[in-house]
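Asker: coordinates only, no sequence provided:
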């Protein structure tokens, strides 16, 4: 049945499938961990219960997303040994230590403080619990730091020496490996994308509940915070993305040619194509609609600056243009939409209608999941645009795969598809179910699994507190027990 399929293609599809599933969870948990730290910090500073309620509301969602991110990441990493063993052997001396640093720093930091963050609010005191939240948020950033360093090195490899058996060996300085030329741009672009992804999810949830009840203080607060993030950070992301693109033009020009759809060189200024159907066979962009010389203006800051095309690149070194071309446009379109929604919210805030403009709320709901689409589109642009190499310019993808038969790879791919959609599909469904419930005063936290009476973070009734009293606040008991 699978004998006619190509093992290399199946291995690439399997890795693309698993990493796409995995990527959406860290993109959410990185931003959400920082949002939780902000909420808890604001609660400690102001004493307003709304921040604590929102902290507990999103903490439950964070716990599920974080768990799914860890599980999907572990599964994905096994493929380096199964489907890509040649790549692991060749590049292992460089990327292996970097991935080990991620485990020794980020994963241990997250694992060490996650339990305190989830279950310790009424056990360790406010300040120590806030420290745990900060450590988890910091751990998610450190994890992104190391993983992006590894991935960036594969795009812009520096600081290595070639061994006698064709292995990439560390050179004199690990700094050159870690801080390779594309790493700072990719780190900033990816982390900001994670923050925006989370902001639009929070904004979409807040808008959903505002449409049902405009007086809900919690929905108003989360929507306001999310729209501030959109208005202030989305323009920054567009600027960072532009700088990343200029860096890519310097180090991976063929990728930019594919992003722009430039099959032909343009000596007197290149257009920016808004639409077109790339045809790799004929090396043409069919039905092209573009803005004359706009690409030269964006990439070279000059209308008449020449730009080389794929006609200067050998056929066997060209990336597939169609997915790169359209993924890039999807990412840019979503980023522009995020910025425009942020500006719209500023106008509504100025008019005093931030919470009373249903059309704005519906737009925020539509934009809620688009951050996930944008990060996947960005990943496709980056990784497919690197082809046909795994280590850019040095090690081809076809030379990196394990010597496996197609049926073996196809069977594991089928198993991944079935298990992922069953397990992670249920997890996503449960997250959406939690989001459908409006946050409220006295929001319960994550339930502890410790023996004895079931407790929730920060809501255990005090000796004189009636647990059925709707006016009882979680801070009452915490203030009585804080300072142990």
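Answerer: It's in. Remember, predicted model here, so these are calculated numbers, not experimental data.
Asker: can I assume residue 290 sits in a strand?
Answerer: Yes. Note on residue 290: a strand contains this position according to DSSP: H, G, I helix; E, B strand; the rest coil.
Asker: buried set for the longest helix anywhere in the chain?
Answerer: Looking across the chain with DSSP state H, the single longest helix is helix 7-46. Neighbour-count burial for helix 7-46 flags 7-8, 10-15, 18-40, 42-43 (criterion: 16 or more other Cβ atoms under 10 Å). For the C-beta atoms, the positions are set from N, CA and C on the backbone; glycine is no exception.
Asker: repeat for stretch 374-393
Answerer: By neighbour count on 16+ other Cβ under 10 Å, the buried set for stretch 374-393 is 374-387, 389-392.
Asker: distance between the ends of that stretch?
Answerer: Counting by Cα to Cα, to the nearest Å, you get 27 Å between the two ends of stretch 374-393.
Asker: pLDDT weak spots in this structure?
Answerer: Along the chain, the model assigns pLDDT under 70 to residues 1-5, 442-443, 445-484.
Asker: hey, where'd the strands end up in the chain?
Answerer: In the chain, the strands defined using DSSP state E lie at 160-162, 168-170, 272-279, 284-291, 389-391, 395-396.
Asker: which elements pack onto the fourth one?
Answerer: Under the contact criterion of 3 or more Cβ pairs under 8 Å, 6 or more residues apart in numbering; DSSP states H and E, strand 284-291 touches strand 272-279.
Asker: measure stretch 302-316 end to end?
Answerer: 31 Å.
Asker: buried residues, that stretch. List them.
Answerer: 305, 307-310, 313.
Asker: kindly report the same for stretch 348-363.
Answerer: Buried residues in stretch 348-363 (16+ other Cβ under 10 Å): 348-349, 354-355, 357, 360-361, 363.
Asker: pick the one among those residues closest to residue 401.
Answerer: residue 363 (44.5 Å; Cβ to Cβ).
Asker: coming back round to it: from the buried residues of stretch 302-316, which is closest to residue 249?
Answerer: Ranked by distance to residue 249 (Cβ to Cβ), the buried residues of stretch 302-316 are led by residue 307 at 8.8 Å.
Asker: need the contact list for that closest one.
Answerer: Listed by Cβ atoms under 8 Å, 6 or more residues apart in numbering, the contact set of residue 307 reads 260, 262, 265-266, 269-270, 295-296, 299-300.
Asker: now, the residues you listed that are in helices?
Answerer: 260, 295-296, 299-300.
Asker: output those as JSON lines; include the columns distance to residue 281 and neighbour count.
Answerer: Formatted as JSON lines, those follow (distance: Cβ to Cβ, whole Å; neighbours: other Cβ atoms under 10 Å):
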{"residue": "260", "distance to residue 281": "19", "neighbour count": "28"}
{"residue": "295", "distance to residue 281": "23", "neighbour count": "23"}
{"residue": "296", "distance to residue 281": "27", "neighbour count": "21"}
{"residue": "299", "distance to residue 281": "26", "neighbour count": "20"}
{"residue": "300", "distance to residue 281": "29", "neighbour count": "16"}
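Asker: may I ask which two of those are separated the most?
Answerer: Using Cβ to Cβ, the two most remote members of the ones in helices among the contacts of residue 307 are 260 and 300, lying 11.9 Å apart.
Asker: ok so, going back, export the contacts of residue 307 as CSV, with columns for distance to residue 176.
Answerer: Formatted as CSV, the contacts of residue 307 follow (distance: Cβ to Cβ, whole Å):
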residue, distance to residue 176
260, 30
262, 31
265, 33
266, 35
269, 36
270, 33
295, 32
296, 32
299, 27
300, 28
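Asker: for the residues you listed, which one is nearest residue 66?
Answerer: Closest approach between the contacts of residue 307 and residue 66, by Cβ to Cβ: residue 260, at 37.4 Å.
Asker: got a list of what the residue lying closest to the closest one once chain neighbours are set aside touches?
Answerer: Closest residue to residue 260 apart from its sequence neighbours, by Cβ to Cβ, 6 or more residues apart in numbering: residue 295 at 5.3 Å. Neighbouring residues of residue 295 by Cβ under 8 Å, 6+ apart: 260, 262, 266, 270-273, 307.
Asker: gap between residue 295 and residue 269?
Answerer: 8 Å (Cβ to Cβ, to the nearest Å).
Asker: ditto for residue 418
Answerer: Separation of residue 418 from residue 269 (Cβ to Cβ): 51 Å.
Asker: again with residue 104
Answerer: From residue 104 to residue 269 the distance is 50 Å (Cβ to Cβ).
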